[in-house]
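Undergrad: Next come a sequence and a model predicted from it.
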Amino acid sequence: MSEGRKNLVDLTTWQTAQSLTPMAKSAEELEYAHEAERLADHEIDQTFAAALRQPSAHHHELTGDALALSQKVNQMEAVVQDDQAQLKKLADNGGSGPNADDIEILKAQLGLDQSVLADTQQQLELAAGDERSLIQQELAAHEASMAKYDKERASVGERAVETVERNTTLAHRIEAWIAQNSRDKLIQEAMGLAQADATRIQKDYETVKAQVDADARIEPVRPVDMATEGGVDRVTRLAKLREKGDARQLLMIDGDRVETEKQLASVYGRWSGQVELQHTILLHLILGSIALITAILIGVLLGTGFVRHWMGNPTLDQRRARTLKNIFEVGIQLVGLVLILLVVFGVPTQIPTILGLATAGLTVALQDFILAFFGWFVLMGKSGVRLGDSVEINGVSGEVIEVGLFRTTLIETSNSVEKGYPTGRRVAFLNKYAINGQYFNFSTTGQWMWDEISVNIPESENTSARIEAIERAVIEKTELDARMAEAEWKRSSNVHGLSQFKAMAQVNLRPASSGVNLLIRYVTRASGRSEARNRVFQSVIEVLHQTEAAKLDEVKPM
């Protein structure tokens, strides 16, 4: 058959049964599906048989090319019969000697004439509209496809109850519910199609039956009458008798097809009933899942209410109670959410993958706390912080009042090196600052710093003397700290290979509109910066008073 040409025999019944079989989900459904396939296959076989006996499958009156081909067929049939007769006659005479060659020639001629006859008959069928050969081709193709399909047909599955109970989660049950609705709709459509075909074939049956009954009332032609008729009438009567035989066979076939279509509709109806039974079982399972989710929600509400009642006890610290209440409420809600997700979607199948993703997510979400935990070990080391230390953490200065596993707590001060001026604010830092932040501890050994003060000296005759006196006084007041700082720096240099530094105080001059500005730089401990500054200022003031008193003594009259 050429592609794109419409089949002469309608295969819809079989195609419908074949397409529904993969949708069967249980052993019961597979039984109905295979029964539907068997009935559909039988109905198609009967359809082919009926098509071969339909009057439209035969040609009657021939004209034009068809008539010429018919005459050629008759001639070739006569030629083939003559070849066969001559071949038989030679074979009866012995078929040896010179006759052997004649026999071989006649056999070759007979083969050639039979080939021409077959080709002419095929041309006649096409020209006359004889569809029997095409129907035969379709029948052969259908039988071949049926043999292949029977070989690949699926085996029996599970029972219906087992199949439905495999849907353990609410999501799977809802999905199965929707699939059952779609499957039942298709089965109902197939049942309606089978019923419509039964009605249509019943009408054809009644039409053929009326024709057969009408022909039965006509007096049959006796053989003696046929013998006396002319050749043309005899052929015509023989054709009519064959048509009557085909009509009776067609009547029997149509009756069988009607019964087959009714049985097929009944099978589809029972199949639909089986799906509806599964539908009912699945509905109970869905309601059970919904009831379980409702119970979980009620449990969450009761748990939340109990926590609120318990934390409402006036004997508990209210701030801590509020914190615990929030923690317990969130925890109960999270547990409820997890349980509901398990009911809806079930336990994840890819446990290692999910655990890996969850671990990665928690690591990213809790990275600050992880760093804070390891930062605590750093702070407990030699260069860490202790209770009471004056520190600066990420730009905030204060005194350490708590060093926890995750947090360091300060009482903030106005300046990191001036004690006794707290702001009153309690500041907490995650200990991760010890790893990826910055902090300064001004209470540990070796925390030296350069400090600087500015002093304005008015312009006078003894300005140079004042500056020298101030420099000597500053060096004297800071000499002890300078020697200690240099000693510690030298020890660090020997250990770490650092450069050598000098810690002697320096006095730098800067011009000013009202005299000279002295920038005094000196080394002091960070924790004692305030006391050192007061000492330096006091020494400067003493020098200025001394120089002023000396000046007055010089100008006093003798």
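TA: Nice, I can see it.
Undergrad: and I340, what is it in contact with?
TA: Contact analysis of I340 by Cβ atoms under 8 Å, 6 or more residues apart in numbering lists I293, I296, L297. Where C-beta positions appear, they are placed from N, C-alpha and C, glycine not excepted.
Undergrad: which residues does the last one contact?
TA: To tie it back to what came earlier, the one meant is L297. Counted by Cβ under 8 Å, 6+ apart, L297 has contacts G336, I340.
Undergrad: That one is in what secondary structure piece?
TA: For L297, the element it lies in under DSSP states H and E is helix 231-311.
Undergrad: Next, the angle from the very next helix or strand once past that helix to helix 231-311.
TA: Once helix 231-311 ends, the next helix or strand along the chain (criterion: DSSP H and E) is helix 318-345. Counting by axes from the mean of the first three to the mean of the last three Cα atoms, to 10 degrees, helix 318-345 points 170 degrees away from the direction of helix 231-311.
Undergrad: End to end on stretch 425-437, go ahead and measure it.
TA: 21 Å (Cα to Cα, to the nearest Å).
Undergrad: burial of L366, as a residue count?
TA: Neighbour count of L366, defined by other Cβ atoms under 10 Å: 12.
Undergrad: Which phi and psi values does A505 adopt?
TA: Taking degrees, to the nearest 10, you get phi -70, psi 150 for the backbone angles of A505.
Undergrad: That one - nearest residue in space that isn't next to it in sequence?
TA: Y522 (3.9 Å; Cβ to Cβ, 6 or more residues apart in numbering).
Undergrad: The residue nearest to Q195 when sequence neighbours are not counted and W271, how far apart?
TA: Spatial nearest neighbour of Q195, chain neighbours left out: A265 (4.8 Å); criterion: Cβ to Cβ, 6+ apart. Computed as Cβ to Cβ, to the nearest Å, the A265 to W271 distance reads 11 Å.
Undergrad: would you say G356 is within a helix?
TA: Yes: checked against DSSP: H, G, I helix; E, B strand; the rest coil, G356 lies within a helix.
Undergrad: How about the contacts made by it?
TA: Counting by Cβ under 8 Å, 6+ apart, G356 has no contacts.
Undergrad: now the helix or strand where K203 lies and helix 231-311, what's the angle there?
TA: With elements taken from DSSP H and E, the one containing K203 is helix 170-216. Following the same axes, to 10 degrees, one obtains 160 degrees for the angle between helix 170-216 and helix 231-311.
Undergrad: could you give me the average pLDDT of helix 170-216?
TA: The pLDDT scores in helix 170-216 average 85.
Undergrad: list the helices and strands that helix packs on?
TA: helix 12-20, helix 231-311, helix 318-345 (3 or more Cβ pairs under 8 Å, 6 or more residues apart in numbering; DSSP states H and E).
Undergrad: same thing but at 6 Å, please
TA: helix 231-311, helix 318-345 (3 or more Cβ pairs under 6 Å, 6 or more residues apart in numbering; DSSP states H and E).
Undergrad: Return the distance of it from the chain's centre.
TA: The chain centroid and the centroid of helix 170-216 are separated by 39 Å, computed with Cα atoms, centre = their mean, to the nearest Å.
Undergrad: before we move on, what about stretch 455-464?
TA: In terms of Cα atoms, centre = their mean, the centre of stretch 455-464 is found 85 Å from the chain centre.
Undergrad: Please tell me how far the residue nearest to Q195 sits from M23.
TA: 18 Å.
Undergrad: Likewise for L302?
TA: For L302 relative to M23 (Cβ to Cβ), the value is 45 Å.
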